[in-house]
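Undergrad: make a model of this:
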Amino acid sequence: GGDGDGTVVALKRRRWSVEGMGHMAHLVLLRALPFLRRAALLRTVLLGSALPSPTASGASTAAALALIQHLSLPGPMGMPSLEGGMGELVKAWCQRLASSPGGAPAAVTRALSFAHHSLKPPALHPLPLQYHDLLKEVLKQQCSRCKTCPQEPALCLLCGTLVCAGNECCQDESKVGECTQHAMACGAGCAPFLLAKQCLVFLIRPGSGCRHATLYLDAYGEEDPYLKRGRPLTLNAERYARLLQLWCSHRLHAEVARANHRMTPHMTWESI
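TA: Numbering: from 1, shown residues only. This next block holds a predicted model:
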């Protein structure tokens, strides 16, 4: 009858208060473990503190709790007490879970047992294998700033944005070109660009830059700068990986400085 159903529901909620909370805490700690590990590494790099003990290296709640203690996070399980609007929000979430079909433990499992997606390794903007495919793709695009097809299109190899290289239409009031402006916003001061019509790669930073090895080679492994020979060109995986390594190791600035040390700059890079 109705009283019997109410008793069953009350018993389920009482069981949830003991077992369900522990189950939810277990799942939350497991999902927080990747973040806690990265936080511990960042603390070691910035503050020079020792890494946590080997007991914090496993994939378990014990490892998460050890990292919470290592990071000196406040409150139980590294969470400070919830007050005000945030406390009411969490309370509403818990009430919704408790009233869901199958009871709270099943609802928590569905909510928290999502597939864990690890962070993808850094990558440059993906490029087509054949250069003529890249040209067809780039020549149809418009600059996001001036809304015209650039006379000299430059493709940012970090994010894939198409910008105007050396055109006055997108220079700022200080005559700084769009490539340099984009390098500041996208590459923290330095970024590689592919000049599509010339098949050239440049590393550009404020006030300077340099030419870099092109990423597309012909069947004989030779470059075709300015596309004078008109040979079919194919993306070279080794050069692509080398440029990626330069970027990942924060050596783009050093590469520009080294290239400018070998030869006298013959152009005003900042206007590009």
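Undergrad: how about stretch 186-200, which residues are buried there?
TA: For stretch 186-200, the neighbour count (16 or more other CB atoms under 10 Å) marks 186-187, 190-200 as buried. (Glycine included, C-beta is placed from N, CA and C.)
Undergrad: ok, now stretch 139-155?
TA: Across stretch 139-155, burial judged by 16+ other CB under 10 Å covers 143, 145, 150, 153, 154, 155.
Undergrad: next one: stretch 241-250
TA: Quick answer for stretch 241-250 (16+ other CB under 10 Å): 243, 244, 246, 247.
Undergrad: need those residues in CSV (columns: distance to residue 62 and pLDDT).
TA: Formatted as CSV, the buried residues of stretch 241-250 follow (distance: CB to CB, whole Å; pLDDT from 0 to 100):
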residue, distance to residue 62, pLDDT
243, 42, 96
244, 37, 95
246, 40, 93
247, 38, 93
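Undergrad: ok, of the residues you listed, which one's closest to residue 49?
TA: Residue 49 lies nearest to residue 247 out of these, by CB to CB, at 28.7 Å.
Undergrad: out of the buried residues of stretch 139-155, which two sit at the greatest distance?
TA: The distance between the two most remote of the buried residues of stretch 139-155 (CB to CB) is 14.6 Å, for 145 and 155.
Undergrad: ok, back up a step: tabulate the buried residues of stretch 139-155 (CSV), appending pLDDT, secondary structure and distance to residue 234.
TA: As requested, the buried residues of stretch 139-155 are exported to CSV (pLDDT from 0 to 100; DSSP: H, G, I helix; E, B strand; the rest coil; distance: CB to CB, whole Å):
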residue, pLDDT, secondary structure, distance to residue 234
143, 89, coil, 27
145, 88, coil, 32
150, 91, coil, 25
153, 94, strand, 20
154, 95, strand, 21
155, 96, strand, 17
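Undergrad: and which of these is nearest to residue 209?
TA: Nearest to residue 209 among these: residue 154, at 11.4 Å, using CB to CB.
Undergrad: and that closest one, what are its bridge partners?
TA: As for beta bridges, residue 154 partners with residue 163, residue 195 under DSSP bridges.
Undergrad: show me what contacts it?
TA: By CB atoms under 8 Å, 6 or more residues apart in numbering, the contact set of residue 154 is 162, 163, 164, 165, 178, 179, 193, 194, 195, 196, 202, 272.
Undergrad: which one in the residues you listed is the model shakiest on?
TA: For those, the weakest pLDDT value sits at residue 272, with 78.
Undergrad: isn't that residue up against residue 209?
TA: Yes: between residue 272 and residue 209 there is a contact under CB atoms under 8 Å: 6.9 Å.
Undergrad: shared neighbours, the two?
TA: What both residue 272 and residue 209 touch, as defined by CB under 8 Å, 6+ apart, is the set residue 202.
Undergrad: now do the SS call for the residue positioned nearest the centre of the chain.
TA: With distances taken as CA atoms, centre = their mean, the residue of the chain nearest its centroid is residue 122 (6.8 Å). Residue 122 falls in the coil class when you classify it by DSSP: H, G, I helix; E, B strand; the rest coil.
Undergrad: next: the one 4 residues further on.
TA: Using three-state DSSP, the structure places residue 126 in coil.
Undergrad: filter the buried residues of stretch 186-200 down to the ones in helices?
TA: residue 186 (DSSP state H).
Undergrad: from the buried residues of stretch 186-200, which is closest to residue 131?
TA: residue 199 (6.7 Å).
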